[in-house]
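*Asks:* here is a sequence with its predicted model. Questions after.
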Amino acid sequence: MAKIIYTHTDEAPLLATYSFLPIIAAYAAKAGVDVETRDISLAGRIIALFPERLTEDQRIDDALAELGDLATKPEANIIKLPNVSASVPQLKAAIAELQSQGYDLPDYPESPDSDEERDVRARYDKVKGSAVNPVLREGNSDRRAPSSVKNYARKHPHRMGAWTPESKTNVATMGQHDFFSNEASVVLEADDTLRIEHVAADGAVTVLKESLPVLAGEVVDGTFMDVAALRRFLSEQVARAKADGVLFSLHLKATMMKVSDPILFGHAVQAFFPTLFEQYGEVLKAAEISPNDGLGALLDAAAKLPEGEAIAAAVTQGLADGPAIAMVDSDKGITNLHVPSDVIVDASMPAMIRQSGHMWGPDGEEADTLAVIPDSSYAGVYQTVIDDCRAHGAFDPATMGSVPNVGLMAKAAEEYGSHDKTFEVPAAGTVRVVSSSGDVLISHAVQPGDVWRACQTKDESIRDWVKLAVTRARATGSPAIFWLDENRAHDANLIAKVDEYLRDHDTDGLTIEIMAPAEATAYSLERIRRGEDTISVTGNVLRDYNTDLFPILELGTSAKMLSIVPLINGGGLFETGAGGSAPKHVQQLVKENYLRWDSLGEFFALAASFEHLSSYADNAGAKVLADTLDKATETFLNEDKGPTRKVGGIDNRGSHFYLALYWAQEIAAQTDNTDLAAVFKPFAERLAADEQKIVDELLAVQGSPADIGGYYRPDPALAEAVMRPSATFNEALASL
């Protein structure tokens, strides 16, 4: 039987799965397609780490490892929903919740001082940050807005905040002594196993990573953030924001960059509250309270100390003395520096640009903002967009063009700042990358506290990336621009490879160019304002940034994108969009039994998955499901059946019902498969006849608290009861 793997992940996408998956399974079964699930949630991955501590009923398999293996095979057909890229505070919260549910899990050791604690820490480190995506992404990314979504956005443009030439919003970035400027890059001539080591001033060698296997043609980079320069820079930006009368906001990616960016975040907390750390820094350190976990965790932990009240007073004074700070929730006093995972650059910057360049201040009002992005690798992209809006005003979703993306990410390409090749330097000396023969390939003089990182990009991934870019340019006729900067060491090596591999393809009649990111941004914006499309061909991190930036401006959200990963060995991975607002959605569900999560990304991924399966498994029924789901989704958009924003309108559950109705009607009306049409005709008629009754049942539960039994690991029975409250719809689906 043909098979689709649907992933159980986290937060709002997981809750939506309880409602949508029964529909998928019922429809797919009629076409001979089996739908299986795999638990790759943060909680599930934590549980899989410690089988020896759990009862037999509690143990679960390592589903992520299983799917990682499947992704290398041609039969792979995986639908991947957004998952938590866990920061340390999120990881600790998930562990605590599981412990409260009866799982005998160890606490997360902040400073392991025994072999047992070091083993525990090493296991937990496997699930921090972007631990899922690099395992599954055995292909490069093709991400774009489906025509149905783009057409809907033009007919029903979302609200854009106005811009004026007087806006004082800007980006602040280092430009020197940062990851960009310190980068060194090499291309390996042969297969090898490298070693990363620290050589202290007295010559003592500490191996940071013993074994780093590499292949011929692979690009290996090393760089570091000069923390002394970073601290000077951050202090200067705090002063600048106050002098300019704008909000201070920090934009990092402490989830994906799980090692590097929490450290940078901690330095920003210290820069904003210098007096606090002058007075109580040693007290906090002795209590193992780290600024890297954010101001919120610091205040919670410090409240238990004898100096707790004085520390809280120092924070209050620091907020009064400094510039106004951007807020995550001004009503609750949650600042930009409270939680490392609250303000993620790829989601926060486009939202700010869409909102007139404003963030929310402590007074609950919008204001111009100094967006602090320490590393200068991609900060210029956002400054270019801000300058364009200041000069030309806000973009018009009704007329603007699109910027689809082809992203380099196969085989963990350009994964940095998050994995076992990122280190906080313990002492002055040199960090170097050494070949098996002892040759020093990369070397940096470093000081204590500097953040050093390496990354790898395999030649096979680059070849496939170039091929995909040419394929998309040929299919669309749009220019394809490689966003690469010859002044960056890594990009210079990629440029040489792109130039070489483009010669393997027929590019006659195509516009394919290479531009530095800021230049490519300006080029794309000029075309956007003319209503023209431009393919951005980017590396992994910039792929993440661009597939939020442009969709949020075009569509109002990045959750409505079609995200296909053609796996190198022939399978397919279908991703369902961004999950950045998922926590707020869960909070609203628990409070009001209302889930605002929009599953449109799941609809697109599912249609693409059926399309892929129909070809691979020669399944005509799957092709019918794909084609009719596309048509149903367009009807869904035109009828405006997405979740509304407030209690009283249809939410995620209602939107699933309407998708099921329109999909059944499309299957019943099609003529390519009369057997399927005959099955779905009475079912579609039943849903249509019971429409009002079903909607009433779905609306009736709203407005009161909902118990799902847990945030990171909801109770399945409770979650299903909450997410499937219409007995009429459930009975109809069971009859199918």
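*Replies:* On my side now, so go ahead.

*Asks:* what helix or strand is residue 490 on?
*Replies:* Using DSSP states H and E, residue 490 falls within helix 489-502.

*Asks:* which helices and strands sit right next to the following helix or strand past that helix?
*Replies:* Moving toward the C-terminus from helix 489-502, the first helix or strand encountered (DSSP H and E) is strand 512-515. If you count contacts as 3 or more Cβ pairs under 8 Å, 6 or more residues apart in numbering; DSSP states H and E, strand 512-515 packs onto helix 459-476, strand 480-483, helix 489-502. Every residue, glycine included, has its C-beta placed from N, CA and C.

*Asks:* single out the most deeply packed of the ones you listed.
*Replies:* strand 480-483 (a mean of 25; mean count of other Cβ atoms under 10 Å).

*Asks:* direction included, what does the host helix or strand of residue 220 pair against?
*Replies:* Using DSSP H and E, residue 220 maps to strand 219-225. With DSSP bridges as the test, strand 219-225 is paired with strand 184-187 (antiparallel), strand 451-457 (antiparallel).

*Asks:* residue 472 is nearest to which of these?
*Replies:* Closest approach to residue 472 among the strands paired with strand 219-225 is made by strand 451-457 (19.9 Å; Cβ to Cβ).

*Asks:* all the helices of the stretch 301-450 of the chain, in order from the start?
*Replies:* Here the stretch 301-450 of the chain has its helices, by DSSP state H, counting those that start in this stretch, at 308-321, 345-354, 379-392.

*Asks:* go through these and name the closest to residue 299.
*Replies:* Residue 299 lies closest, by Cβ to Cβ, to one member of the helices of the stretch 301-450 of the chain: helix 308-321, at 6.2 Å.

*Asks:* identify the residues contacting the closest one?
*Replies:* Identification of contacts with helix 308-321 by Cβ atoms under 8 Å, 6 or more residues apart in numbering yields 272-276, 279-280, 283-284, 295, 298-299, 302-303, 305, 325, 335, 362.

*Asks:* which residues in the stretch 551-700 of the chain form helices?
*Replies:* 582-592, 600-616, 620-638, 652-669, 674-689, 691-700.

*Asks:* about what we covered before: for residue 9, find the nearest of the helices of the stretch 301-450 of the chain.
*Replies:* Using Cβ to Cβ, those put helix 345-354 closest to residue 9, at 17.0 Å.

*Asks:* and the helix or strand hosting residue 300, what does it pack onto?
*Replies:* Here residue 300, judged by DSSP H and E, is contained in helix 295-302. The contact analysis (3+ Cβ pairs under 8 Å, 6+ apart) places helix 295-302 against helix 274-286, helix 308-321.

*Asks:* any chance of those in a markdown table, plus mean neighbour count?
*Replies:* Shown next, in a markdown table, are the helices and strands packed on helix 295-302 (neighbours: other Cβ atoms under 10 Å):
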| stretch | mean neighbour count |
| --- | --- |
| helix 274-286 | 15 |
| helix 308-321 | 15 |
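
*Asks:* now these in JSON lines, with mean pLDDT and distance to residue 244?
*Replies:* Listed next are those as JSON lines, based on pLDDT from 0 to 100; distance: least, Cβ to Cβ, whole Å:
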{"stretch": "helix 274-286", "mean pLDDT": "95", "distance to residue 244": "19"}
{"stretch": "helix 308-321", "mean pLDDT": "96", "distance to residue 244": "16"}
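
*Asks:* mind listing what the residue nearest to residue 327 when sequence neighbours are not counted touches?
*Replies:* Closest residue in space to residue 327, ignoring its immediate chain neighbours: residue 360 at 4.8 Å, by Cβ to Cβ, 6 or more residues apart in numbering. Residue 360 makes contacts with 326-327, 330, 366-367, as judged by Cβ under 8 Å, 6+ apart.

*Asks:* just residue 307 next, same as before
*Replies:* Residue 307 neighbours (Cβ under 8 Å, 6+ apart): 280, 283.

*Asks:* and the pLDDT at it?
*Replies:* Looking at residue 307, its pLDDT stands at 93.

*Asks:* one more: residue 131?
*Replies:* Looking at residue 131, the pLDDT reads 81.

*Asks:* the one 5 residues further on too?
*Replies:* pLDDT, residue 136: 86.

*Asks:* same check, this time on residue 578
*Replies:* 64.

*Asks:* so what secondary structure elements neighbour the helix or strand bottoming out on mean pLDDT in the chain?
*Replies:* Ranked by mean pLDDT, DSSP states H and E, the weakest helix or strand in the chain is helix 133-136, scoring a mean of 83. Applying 3+ Cβ pairs under 8 Å, 6+ apart, we find helix 133-136 packed against helix 63-70.

*Asks:* now do the helix it packs on: distance to the chain's middle.
*Replies:* 20 Å (Cα atoms, centre = their mean, to the nearest Å).

*Asks:* pull out the buried residues from that helix.
*Replies:* The neighbour-count check on helix 63-70 (16 or more other Cβ atoms under 10 Å) flags 63-64, 67-68, 70 as buried.

*Asks:* check stretch 558-575 too.
*Replies:* 558-568, 571-575.

*Asks:* ok, stretch 400-409 next?
*Replies:* Buried residues in stretch 400-409, counted by 16+ other Cβ under 10 Å: 400-409.

*Asks:* ok, stretch 661-681 next?
*Replies:* Quick answer for stretch 661-681 (16+ other Cβ under 10 Å): 661-668, 670, 673, 676-677, 679-680.

*Asks:* start to end distance for that stretch?
*Replies:* 11 Å (Cα to Cα, to the nearest Å).

*Asks:* what is the rounded mean pLDDT of it?
*Replies:* Averaging the model's pLDDT scores along stretch 661-681 yields 97.

*Asks:* what's it in contact with?
*Replies:* 27, 30-31, 620-621, 623-625, 627-629, 631-633, 635-636, 639, 683-684, 687-688, 691, 736.

*Asks:* and stretch 319-337, how far out from the chain middle?
*Replies:* So, by Cα atoms, centre = their mean, the centroid of stretch 319-337 is 24 Å from its chain's centroid.

*Asks:* and that stretch, end to end?
*Replies:* Taking Cα to Cα, the first and last residues of stretch 319-337 lie 11 Å apart.

*Asks:* which of the buried residues of helix 63-70 sits closest to residue 349?
*Replies:* Distances from residue 349 to the buried residues of helix 63-70, taken by Cβ to Cβ, are shortest for residue 64, at 29.5 Å.
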